[in-house]
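Q: Predicted structure and sequence below. I'll ask about it afterward.
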Protein chains: 2
Amino acid sequence: MTMQQTPLLLWRLLDRGAWITPNEEIVSATNSGSHRLTYAEAATRARQLASALKEHGIGIGDRVGSFMWNHHRHFEMYQAVPSMGAVLHTLNIRLGPKDLEYIINHGNARVIVVDDDLLPLLEPLAPRLPSVELYIVSSESGEWDTTITGAIGYEDFIRRGADDFSWPELDENAPLGLCYTSGTTGNPKGAMYTHRSTYLHTMAEAMTDTMGMSGTDTVFGIVPMFHAMCWGLPYTATMLGAKQVYPSRFMQPERLLDLMAAEAVTLACGVPTIWQGVRNAVEAEPDRWDLSNLERVLCGGSAPPASLLRWYWDVLGVEMIQAWGMTETNPLAVVSRRIAKRAHRQLSIDEQFANVRKTGLLEPGLEIEIVDDDFKPLPHDGTSFGELLIKGPWIASEYHADSQPDKFRDGWLLTGDVARIDPEQYLIITDRSKDLIKSGGEWISSVDIENHICALSGVLQAAVVAQPHPKWDERPVALVVKSAAGGLTEDDVMRHCAESFAKWQLPDEVLFVDQLALTSTGKLDKKVIRGDLSDQGYLLPDLR
Amino acid sequence: MTMQQTPLLLWRLLDRGAWITPNEEIVSATNSGSHRLTYAEAATRARQLASALKEHGIGIGDRVGSFMWNHHRHFEMYQAVPSMGAVLHTLNIRLGPKDLEYIINHGNARVIVVDDDLLPLLEPLAPRLPSVELYIVSSESGEWDTTITGAIGYEDFIRRGADDFSWPELDENAPLGLCYTSGTTGNPKGAMYTHRSTYLHTMAEAMTDTMGMSGTDTVFGIVPMFHAMCWGLPYTATMLGAKQVYPSRFMQPERLLDLMAAEAVTLACGVPTIWQGVRNAVEAEPDRWDLSNLERVLCGGSAPPASLLRWYWDVLGVEMIQAWGMTETNPLAVVSRRIAKRAHRQLSIDEQFANVRKTGLLEPGLEIEIVDDDFKPLPHDGTSFGELLIKGPWIASEYHADSQPDKFRDGWLLTGDVARIDPEQYLIITDRSKDLIKSGGEWISSVDIENHICALSGVLQAAVVAQPHPKWDERPVALVVKSAAGGLTEDDVMRHCAESFAKWQLPDEVLFVDQLALTSTGKLDKKVIRGDLSDQGYLLPDLR
């Protein structure tokens, strides 16, 4: 071999941060202000954590769960667990108990590191989590208590570890991260990222044309670390040696703005709900925060409204970069920039924003296609639409230890999104995934709720569909056809749902209807059902 | 495998250019003005070229040579040859006939594409190039003549090819490019780049913190395409869909400036000699050229003087980015930016330029070290210096089909450069490679000339050392100790050298001396010999 065969291991990129900027900071919001840690300190603590985990018995490929907010200890987990060859199994704190129990058991977590304020969500499940041998509790105050036996404090735990722990050589296809996504049906599905896939994703994310992230940036990671590896931001920022800021559990717009101003954030990343809230806060008190350092805002998770994109530019002079991806795409795949091609330099601002409103342009290294129902490619004419396919070296090829529900075919991942591609190769996602509802950046499976409702006595048929919501993007509404014998009430259905789903997953309303539109093959026609509600002037309860 | 195993093939990146910006241009200087080609046209022509080469019998791994200036046809070669699975064997048009013959035969070129004005350099060698079956002549005028039998015109050749030729799937470790470098001793050595190494190099080159290259740029590739894959610029620019400009053989500073102004170049890349010439031209006629679009200048090949870096900033408002690499490093490895870390935002301009003068910071993905004579790592304290080592996935691990003269050890490439590393991990190359002379961006092997001089009757000992030169950076001077019997003259030595070396490789002067400084182990002490000349106030002939 004429060129070196260096395995593409993530720690090769991450170690660069503490090497070139040992004194740069990782800042985390706390109850009383901000916690500050240097890259050098974080790197040392990550090695201690890895060493202590290894001492405990965690080996190559073993899963270590995190049930945490975004802060420096979660960041240390992000560094330590993949670098030592184990798998970071991020647990979404917003899941209902059923899904949470499922993903911990299915992912086979041996250790879970949990924030003390999140213990109440985990404690009731602990008896049903046989694979978990050890709970490590991260606490800001140092004062915590739990019903879980044998739990240990994070600081006590890492103190056991050696600060000169060496990262091992591994096969570059070794797994490093496990993230679950709500599938269209049934249980959550796990995407198992590898060193190679995340290494390449990290390089692509550092490109000028992605979000222009630089070691000179101060990056604010608002998107939860339990979402699709926090969009890869901790990795790219660490590789570049950028300052990093994390909000922990303090997600109120005013607090986010305080932090952005105080830490001179240049690049902030979150879902549209966050950016809508920040906008409202700024509009309420336009002179309160100095946002002169803010240059770019990355907005992903769902499509931001055009008016929001434009407001950040017109009022704050900030470029909001629309980004698209999925848990299965590691996740960043498509970004929309104000000036994405040389020819755009000549466009008017209005014309530039006509492009920004599109989902965006594909990152180098990936391929996309749109296909009709017969899986035939459709023209990229900006009008034809079909299911979006994607492939490339940081796209999942299967779900972890699970059935593969028609999501993988001929080397492609079938995204479930309906999209157009225009002659300039702009991706334009026209419909949300057919069966999923996106609320405040979180997926809700309509099919799961439907199945659950249908199990209730007195229900003949049920459809759960998304309705647009200015704050949460979408909220679920249930339409139910009663059986002839039924004396069923709306409350009956809601109570039944509350037994199995988290509060934010519950339908905002249950509507009883005489029938539901079906497709030619007898399936629920969600598009028609959604459309009927809109045509009838339906509004969600809190919008009336 | 949970993530897709897409092989990292270069065409996956390159195809993106014509896909997202089919109408963007590749502009080449010509005798009569500029030649313009769209990305879509270039992609079609590259497929035709590949198809015709395959039709001729070129298969996976076969070498296709280019003996050309920088222009659209050379660009088409850059796309077609690697994408079809063959190996682009770039031939340095500045080599002497001996080295040129050697690298063509050693690289086993089956086809050579040659510019018509360069035919006179190749024709005398043709009878001694048994592997070359076909010469393809690229001609601007379409009128050419050659003594080589069976040569065919480039346009006639590609017309044989199909414009829908499909790039093959290959192993990502398949070779794609072969570049020869002047080693410290003996024959030139070949670095054989692979798809994987070039793919990763291309991604790293597109990072914000490398040179901030974007699809919105107009990139001017002045560095010759026969040098270390033109620093990878054609590949990165094509992946991003940037406008590209190439000077062909019109390398006069005024012509370069005309092109930069006319094409609104934003990022221009060349060696210090070029940038010194451009500076001189601008100083002579400050109002002649509109360079308001120029944002960045990449300067590599050898270290630019601090005054030059500063002049571009102070006078033109242009950031000159110092870049370091070697043919063996694919080549980009280290860059020096004005603001490379967040902390630099607070520095004064003078302090920023104190950093820019250093060789720079290492790209993500690579590792460097400095070692003493016992191969022990030295502290990164900014004062300790030793030989620079480098490793990573786009660093050569061996020379193509050759002996490995102490250049590879424990996974490292030994660069031959003497360097310091400071506590901020800035690389500072303190001495040029011990035995090489860098003249106008080209290497001259002092050892080769010494050996040749020593072969002359009447010579006892010879040393060839570099002396600083404001235009060429360095020029060689020969110091010769005559044997007792010698009636040797300076002319004798020069005539003898001219038999084997190109004119620009010849020493500027031959000095007869009584003795030469030797190291403790009896080798020529080049450092002392160079220093002695400087101490004695020696000046090169054309500087006196």
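A: Nice, thanks for sending it over. Numbers count the residues shown, from 1 in each chain, chains lettered A, B, ... in the order given.
Q: List the contacts of residue A:114.
A: A:66-68, A:122, A:135-138 (C-beta atoms under 8 Å, 6 or more residues apart in numbering or on different chains). Any C-beta I mention is one placed from the backbone N, CA and C, and that applies to glycine too.
Q: wait, which of those is closest to chain B?
A: residue A:66 (19.3 Å; C-beta to the nearest C-beta).
Q: any idea which helix or strand carries that closest one?
A: Taking DSSP states H and E as the definition, residue A:66 sits inside strand A:63-67.
Q: same deal with residue A:380?
A: Going by DSSP H and E, residue A:380 is not in any helix or strand.
Q: Identify the bridge partners of the closest residue to it other than its chain neighbours.
A: Using C-beta to C-beta, 6 or more residues apart in numbering or on different chains and skipping residues adjacent in sequence, the residue nearest residue A:380 is residue A:421, 4.1 Å away. Here residue A:421 sits in beta bridges with residue A:427, going by DSSP bridges.
Q: Correct me if wrong: residue A:421 contacts residue A:427.
A: Yes - judged on C-beta atoms under 8 Å, residue A:421 makes contact with residue A:427 at a distance of 5.8 Å.
Q: Now the common contact residues for these two.
A: Shared contacts of residue A:421 and residue A:427, counting by C-beta under 8 Å, 6+ apart, come down to residue A:368.
Q: tell me the phi and psi of the nearest residue to residue A:301 once chain neighbours are set aside?
A: Of all residues not flanking residue A:301 in the chain, residue A:271 sits nearest, at 3.7 Å (C-beta to C-beta, 6+ apart). Main-chain torsions, residue A:271, degrees, to the nearest 10: phi -90, psi 160.
Q: okay, now residue A:271: neighbour count?
A: Residue A:271 has 22 neighbours, counted by other C-beta atoms under 10 Å in any protein chain shown.
Q: same deal with residue A:460?
A: Residue A:460 has 15 nearby residues by other C-beta under 10 Å.
Q: And the contacts of residue A:114, which of them are buried?
A: A:66-68, A:122, A:135-138 (16 or more other C-beta atoms under 10 Å in any protein chain shown).
Q: Run through the stretch 151-300 of chain A and note the low-pLDDT ranges.
A: Within the stretch 151-300 of chain A, the ranges that satisfy pLDDT under 70 run A:182-186.
Q: Return the set of buried residues in stretch A:390-403.
A: Buried residues in stretch A:390-403 (16+ other C-beta under 10 Å): A:390-400.
Q: quick revisit: got the buried ones among the contacts of residue A:114 as CSV, with pLDDT columns?
A: As requested, the buried ones among the contacts of residue A:114 are arranged in CSV below (pLDDT from 0 to 100):
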residue, pLDDT
A:66, 98
A:67, 98
A:68, 98
A:122, 97
A:135, 98
A:136, 98
A:137, 98
A:138, 98
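Q: so which of the residues you listed comes closest to residue A:385?
A: For these, the closest approach to residue A:385 (C-beta to C-beta) belongs to residue A:66, at 38.3 Å.
Q: show me the contacts for that closest one.
A: A:74, A:77, A:88-91, A:112-114, A:225-226.
Q: Weed out the non-buried ones from the residues you listed.
A: A:74, A:77, A:88-91, A:112-114, A:225-226.
Q: Go through the residues you listed and say which is closest to residue A:216.
A: Closest to residue A:216 out of the buried ones among the contacts of residue A:66 is residue A:225 (23.3 Å), distances taken as C-beta to C-beta.
Q: Can you tell me how far the closest one is from chain B?
A: 20 Å (C-beta to the nearest C-beta, to the nearest Å).
Q: got it, and residue A:397?
A: Taken as C-beta to the nearest C-beta, the span from residue A:397 to chain B is 4 Å.
Q: Quick check, that residue in contact with residue B:5.
A: Yes - under the contact definition of C-beta under 8 Å, residue A:397 touches residue B:5, with a separation of 7.2 Å.
Q: Could you please name the strands the strand holding residue A:66 pairs with and the direction of each pair?
A: strand A:87-90 (parallel), strand A:109-115 (parallel).
Q: Any idea which of the ones you listed gets closest to residue A:300?
A: strand A:87-90 (16.4 Å).
Q: residues contacting the residue nearest to residue A:133 when sequence neighbours are not counted?
A: Nearest residue to residue A:133, sequence neighbours excluded (C-beta to C-beta, 6+ apart): residue A:110, at 5.5 Å. By C-beta under 8 Å, 6+ apart, the residues touching residue A:110 are A:57-58, A:62-64, A:131-134.
Q: Of those, keep whichever come out buried.
A: So, by 16+ other C-beta under 10 Å, the buried ones in the contacts of residue A:110 are A:58, A:62-64, A:132, A:134.
Q: how about the helices in the stretch 151-300 of chain A?
A: A:154-159, A:195-205, A:233-240, A:253-262, A:272-284 (DSSP state H, counting those that start in this stretch).
Q: Put together TSV for those, with distance to residue B:407 and mean neighbour count on each row.
A: TSV is the format used below for those (distance: least, C-beta to C-beta, whole Å; neighbours: other C-beta atoms under 10 Å in any protein chain shown):
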stretch	distance to residue B:407	mean neighbour count
helix A:154-159	42	18
helix A:195-205	27	27
helix A:233-240	28	28
helix A:253-262	50	19
helix A:272-284	53	19
